[in-house]
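Visitor: sequence first, then the predicted structure, then my questions.
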Amino acid sequence: MTAPIPRVTAGDPVVPAARERARAIPEAAVARLAVYLRVLSGLQEQGCHTVSSEELAVAAGVNSAKLRKDLSYIGSYGTRGVGYEVAVLIEEIERILGLTRKHSVAVVGIGNLGHALANYGGFPGRGFPVSALFDIDADLIGIPVAGIPVNHIEEITRVCAEREVSIGVIATPPPAAQGVCDRLVAAGVQCILNFAPVVLQVPDHVEVRKVDLAVELQVLSFHVARRADGPAPVNGSVNGHVGGMVVS
Ligand SMILES: NC(=O)c1ccc[n+]([C@@H]2O[C@H](COP(=O)([O-])OP(=O)(O)OC[C@H]3O[C@@H](n4cnc5c(N)ncnc54)[C@H](O)[C@@H]3O)[C@@H](O)[C@H]2O)c1
C-alpha cells in the first residue's frame, strides 16, 4: 500500500502541493471526481459517515480499481477495513475541484435552454449561483427569469464585473456563439461552458468545456451497438465512462 500523502484540512489555503497534485490529474479522472462528489453528498445527506471503495465505485458506476486510482491522485487512500470518511473525502475533492468558493455564473441566450438553465435549482447549492442573464431579444430585456432580470448583451462587461462572474454559459444559436464567447472573454470571464454545437476559439488562459448532447447520443449508440456484438461488462461500467453527461 502506498504511503498516504498528508491531508489538506478545510481551513488551509490552497497550498502549492495541492495545486501541483491537481495539475497532475488526468481530465477524465477530474470528471469522475465530480461524480464521486455527487454520490458522496447524497451519502452524507443519508447520514453515512464512511463508505468502502466498492460501495462508492458501484454508486458511481465505475470499477473499484479505477476509483482507488482516481482517489490516489488527490492523496486519499482510505483506511483498510473501514474505507473512506465521507466528510473528509468530500472536503478533499471539493478542494481539488476548486469548489471551496462560489463561482458566479452568467447565462447568455435566454431561449429554451437558457430558461431551463436559469431555472435549474441544482446549481446554487453546488457552488454555482446563476447571477446574470443576457440576450439580444428586446422582448426579454428586463424580464426576470428565476428572479434575475435579463440584461442586453451590450451590458455584459459592466454586469459581469459588478456581479463577479467567473463562468459564462453560452446557450445561443451556433452562429452567435463565437461573438458571445469573445464578449465574455473581453469581460474577463475565463471559464466558458458552451452548449452551442460549434468549436470556439479562445486565448490560452480561457478554459472551454463543450456540452454536445448529439455526441453523447452517438456515444450511447456506439456502446449499444458494441454490446449487441458481445457480452456485457460485468461491473456495469463501460470502460470507465461514468454515467451522466460528459463534457469535452
Ligand atoms: N434546446 C435544447 O434542448 C438544446 C439542447 C442542447 C443544445 N442546445 C443548443 O443550445 C443553443 C440554444 O438552444 P435553444 O433551443 O435554447 O435556442 P433558442 O432559439 O430557444 O434560444 C436562443 C436564444 O439566444 C438569443 N441570442 C441570439 N443571439 C444572441 C447573441 N448574440 N447574444 C445573446 N443572445 C443571443 C436569442 O435571442 C434566444 O433567446 C443552441 O446552440 C442549441 O443548438 C439546445
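Guide: Arrived safely.

Visitor: where does pLDDT dip in the chain?
Guide: 1-23, 230-248 (pLDDT under 70).

Visitor: since we're on the closest residue to the ligand within it, how many residues are nearby?
Guide: Relative to the ligand, the nearest point of the chain is Gly111 (1.7 Å; CB to the nearest ligand atom). In short, each C-beta sits where N, CA and C put it, glycine included. The number of residues packed near Gly111 is 13, by other CB atoms under 10 Å.

Visitor: how much space separates it from Leu97?
Guide: 29 Å (CB to CB, to the nearest Å).

Visitor: is the residue lying closest to Val189 once chain neighbours are set aside in a helix, a strand, or coil?
Guide: In space, and not counting its chain neighbours, Val189 is closest to Gly168: 4.3 Å by CB to CB, 6 or more residues apart in numbering. What DSSP: H, G, I helix; E, B strand; the rest coil gives for Gly168 is strand.

Visitor: my read: Gly168 touches Gly109, true?
Guide: No: counting by CB atoms under 8 Å, Gly168 stays clear of Gly109, with 10.6 Å between them.

Visitor: who touches both of the two?
Guide: Counting by CB atoms under 8 Å, 6 or more residues apart in numbering, the contacts common to Gly168 and Gly109 are Val180.

Visitor: from the chain's centre, how far out does the helix or strand hosting Gly179 sit?
Guide: Following DSSP states H and E, one finds Gly179 within helix 174-186. Taking CA atoms, centre = their mean, to the nearest Å, one finds helix 174-186 lying 21 Å from the centre of the chain it belongs to.

Visitor: now do stretch 25-37
Guide: A distance of 9 Å separates the centroid of the chain from that of stretch 25-37, by CA atoms, centre = their mean.

Visitor: and it, C-alpha only, in PDB?
Guide: What follows is stretch 25-37, C-alpha atoms only, in PDB (Å, rounded to 0.1, in the frame of the first residue of the first chain):
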ATOM      1  CA  ILE A  25      -4.800  14.600 -12.500                       C
ATOM      2  CA  PRO A  26      -6.000  13.400 -15.900                       C
ATOM      3  CA  GLU A  27      -9.000  15.200 -17.400                       C
ATOM      4  CA  ALA A  28     -11.200  12.000 -17.300                       C
ATOM      5  CA  ALA A  29     -10.300  11.500 -13.700                       C
ATOM      6  CA  VAL A  30     -11.400  15.100 -12.900                       C
ATOM      7  CA  ALA A  31     -14.800  14.300 -14.400                       C
ATOM      8  CA  ARG A  32     -15.100  11.200 -12.300                       C
ATOM      9  CA  LEU A  33     -14.100  13.100  -9.200                       C
ATOM     10  CA  ALA A  34     -17.100  15.300  -9.800                       C
ATOM     11  CA  VAL A  35     -19.300  12.200 -10.000                       C
ATOM     12  CA  TYR A  36     -17.800  10.800  -6.700                       C
ATOM     13  CA  LEU A  37     -18.600  14.100  -5.100                       C
END
